[in-house]
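**Q** sequence-free structure coming up:
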């Protein structure tokens with residue numbers, strides 16, 4: 001795989017390999033292209049790396065083909081934008097305001113003011129890491145995570161904001177609740193996908 005010119009190629013056993021993303025590549029287009037390669041069972045694309053899982057009994061996927069396909073597809077790929085209504089009733093909203101030295105309404109305004117990109121999907125099925133929030137409200141994670149965060153909770157952790165699609169433990173600052181949104185189900189999978197745009201409106 002080194003002959004393909006990829007950087008930082010690291011094999012993970014017999015059936016997976018990780019590599020550094022080529023400069024300037026559209027990550028959503030790359031993910032789709034990797035998943036379309038013969039023999040590939042799954043792929044994960046993060047902000048700096050991709051990991052490809054394949055059947056070791058077959059041929060090793062030619063990753064360069066996916067890179068070329070992604071380069072061709074990225075200019076034609078349409079950006080999907082999701083508009084999500086939020087009720088700003090989170091238990092940590094005042095904590096974020098105090099940390100930022102702002103009024104609660106200013107935290108809400110700054111959270112609403114930006115359009116966010118899905119940078120990574122992970123942690124939970126359908127959990128999208130959205131970036132980046134206004135630096136003034138980029139509050140650090142809670143000192144101790146909650147045992148249970150309700151589904152639909154909207155949180156902030158550092159430069160990222162996100163919505164918990166399922167109930168789970170979590171240490172993000174909860175500032176609100178997404179209204180009427182199902183972000184993951186077993187039939188359709190994750191609603192928010194890598195590279196999508198998200199805009200919040202007051203619910």
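**A** Yes, it's here. Keep in mind the model is a prediction, meaning the values are calculated, not measured.
**Q** okay, the closest residue to residue 65 other than its chain neighbours: pLDDT?
**A** For residue 65, ignoring the flanking residues on the chain, the nearest one in space by CB to CB, 6 or more residues apart in numbering is residue 37 at 6.5 Å. Glycine gets a C-beta too; all of them are placed from N, C-alpha and C. pLDDT recorded at residue 37 is 93.
**Q** residue contacts, the residue nearest the centre of the chain?
**A** For the chain, the residue nearest the mean C-alpha position is residue 120 (2.5 Å; CA atoms, centre = their mean). Going by CB atoms under 8 Å, 6 or more residues apart in numbering, residue 120 touches 46-47, 128-129, 194.
**Q** my guess is the residue nearest to residue 65 contacts residue 62. True?
**A** Yes: counting by CB atoms under 8 Å, residue 37 does reach residue 62; the two are 7.2 Å apart.
**Q** next helix or strand past the regular element (helix or strand) spanning residue 120?
**A** In this structure, residue 120 sits in strand 115-121 according to DSSP states H and E. For strand 115-121, the following helix or strand on the C-terminal side (DSSP H and E) is strand 128-131.
**Q** still on that earlier bit, list the buried residues in the strand holding residue 120.
**A** 116-121 (16 or more other CB atoms under 10 Å).
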